[in-house]
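S.K.: Sequence and predicted structure, then a few things I'm wondering about:
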Amino acid sequence: MANTLKKLVALTGAGISAESGIKTFRDSGGLWEQYDVMEVASIGGWRKNPQLMQRFYNERRKQLSEVEPNAAHRILAELEAYFDVTVVTQNVDNLHERAQSSKILHLHGELTKARSCADSNWVLDIGYRPIEWGETAPDGSLLRPHIVWFGEAVPMIGAASETVAEADILVVVGTSLNVYPAAGLVAYAPRETPIYVVDPNDIVCPGRNVTSIREKATAGMEKLKKMLLE
Ligand code: APR
């Protein structure tokens, strides 16, 4: 039976995981205040000091094992009872999965996966364990985090833009819309599609029909759910 539910697409960023205890990138006290993003999250950084980058992701992977999804992740999953929901996330954590969202598209990779340096299609689920320095894939190349670094292509951006182009409702949660091509996805929403932005800060979001919910993700998603279901 064709899915007659309205298509709700949620473009999420680090802010939706903030209340789970995971730092965002660009807020005060954020990750990019502690680390030089080009040293720990770029292909140039990997070439320069792969051990440092391996350690950076091992630490984030370990922290992920110690945190839980929050109410915002859970409300998004609950909305699947009322809408055909697709989560397009910039986050590399697995909190949407653990909150039981069923359609998730990771634009920037996944912390719980590793891959061959020589073949980006050879991917291994490693859960929360560290990648030991020198660990190799069967093809003999170094095992690396399955993360899209600055300077690398975003393989899922095509699928993501097609998904947003079909959205009846677009929800933007916890992203500063600073990083392209992810931030450009908002422009793919059909002109008449309502866009809801959930963020405690004032985010400039293009669109003809934008509603801003100036709240943290948990309170904001609660408000949004009421608005969408009233
Ligand atoms: N609830 C909702 N939003 C929040 C909360 C919260 N509790 N706390 C902060 N925010 C908002 C901030 O106001 C900001 O708009 O979350 C957003 C976080 O923005 P960034 O730190 O830039 O994170 P994000 O947009 O996900 O970064 C995109 O940049 O470094 C790369 O690959 C990395 O995927 C990441 C990408």
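M.R.: Received it, and whenever you're ready, just let me know what you need.

S.K.: my read: S141 touches A118, true?
M.R.: Yes: under the criterion of CB atoms under 8 Å, S141 makes contact with A118 at 3.7 Å. (Glycine included, C-beta is placed from N, CA and C.)

S.K.: Name the residues contacting each of those two.
M.R.: In terms of CB atoms under 8 Å, 6 or more residues apart in numbering, S141 and A118 are not both contacted by any residue.

S.K.: which strand of the protein spans the most residues?
M.R.: If you go by DSSP state E, the chain has its longest strand at strand 109-116.

S.K.: quick one: contacts for W46?
M.R.: Here W46 is in contact with M53, R144, W149 (criterion: CB under 8 Å, 6+ apart).

S.K.: typo on my end, it should be S161
M.R.: The neighbours of S161, taking CB under 8 Å, 6+ apart as the test, are L185, Y188.

S.K.: Just give me the neighbour total for H146.
M.R.: Using other CB atoms under 10 Å, H146 has 23 neighbouring residues.

S.K.: Can you say which helix or strand has it in it?
M.R.: Following DSSP states H and E, one finds H146 within strand 143-147.

S.K.: The very next helix or strand once past that strand near the ligand at all?
M.R.: Heading C-terminal from strand 143-147, the first helix or strand you meet, by DSSP H and E, is helix 157-165. No: Helix 157-165 lies out of reach of the ligand by CB under 6 Å from any ligand atom, never closer than 12.7 Å.

S.K.: What average pLDDT does the helix or strand following helix 157-165 get?
M.R.: Reading on from helix 157-165 to the C-terminus, the next helix or strand found by DSSP H and E is strand 169-173. Mean per-residue pLDDT for strand 169-173: 98.

S.K.: near the ligand, which residues of the protein show up?
M.R.: Going by CB under 6 Å from any ligand atom, the residues of the chain near the ligand are 13-15, 18-19, 24-27, 30, 90, 108, 174-176, 178-179, 199-201, 203, 216-217.

S.K.: one more time with 5 Å
M.R.: Proximity of the chain to the ligand (CB under 5 Å from any ligand atom) is limited to residues 13-15, 18-19, 24-26, 90, 108, 174-176, 178-179, 199, 201, 216-217.
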